[in-house]
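S.K.: Just the structure for this:
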Amino acid sequence: MFTEMIQGIREGRRPSPADLKRRLDLAIVKKGGILQQPRNCWSADTKINPATKHMLWAASILGDMEALNTVVGMVEIEVSSGSDNQDFREILSELFRELPDIARDARDNDWLTNAVNSAVERIGIKF
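M.R.: You can find the predicted model right below:
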């Protein structure tokens, strides 16, 4: 759902906040529907089951605390639904650490790093 926007960032274009918000809202609805199903029914197709990492990225860029809290909750559901005993905060920290890499090849990615750092600070994740 966000691949085109991520590629744009790598090419030096920032996503339109209105377009990003629209896609994030749709991704939250889709992911919410997926999470209501048994885990073995979850689709691997990111058009059906959006990548949580991308949803965190979008919420961080937008600075949308409501969406950020919703996506963090979705990460917790995903982690708790797994068969292995992963630590939710560890997984969430790892996802946030990976976010700036989305634009690592971009000419100017400081704005993304700052947005991610602000989101991390707002929800209280420590690295």
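S.K.: tell me which element the residue nearest to the spatial centre of the chain is part of?
M.R.: For the chain, the residue nearest the mean C-alpha position is residue 56 (2.2 Å; Cα atoms, centre = their mean). Assignment of secondary structure by DSSP states H and E places residue 56 within helix 52-62.
S.K.: Contacts for the helix or strand sitting right after that helix along the chain, please.
M.R.: For helix 52-62, the following helix or strand on the C-terminal side (DSSP H and E) is helix 65-80. For helix 65-80, the external contacting residues (Cβ atoms under 8 Å, 6 or more residues apart in numbering) are 24-25, 28, 31-32, 35, 52, 55-56, 58-60, 86-88, 91-92, 95, 119, 122-123. C-beta: built from backbone N, CA, C; applies to glycine.
S.K.: If we use 6 Å, what do you get?
M.R.: 24, 28, 31, 35, 52, 55-56, 59, 86, 88, 91-92, 119 (Cβ atoms under 6 Å, 6 or more residues apart in numbering).
S.K.: re the thing from before, check which helices and strands the helix holding residue 56 sits against.
M.R.: Taking 3 or more Cβ pairs under 6 Å, 6 or more residues apart in numbering; DSSP states H and E as contact, the helices and strands that helix 52-62 lies on are helix 17-35, helix 65-80, helix 110-123.
S.K.: hmm, 7 Å instead?
M.R.: If you count contacts as 3 or more Cβ pairs under 7 Å, 6 or more residues apart in numbering; DSSP states H and E, helix 52-62 packs onto helix 17-35, helix 65-80, helix 88-98, helix 110-123.
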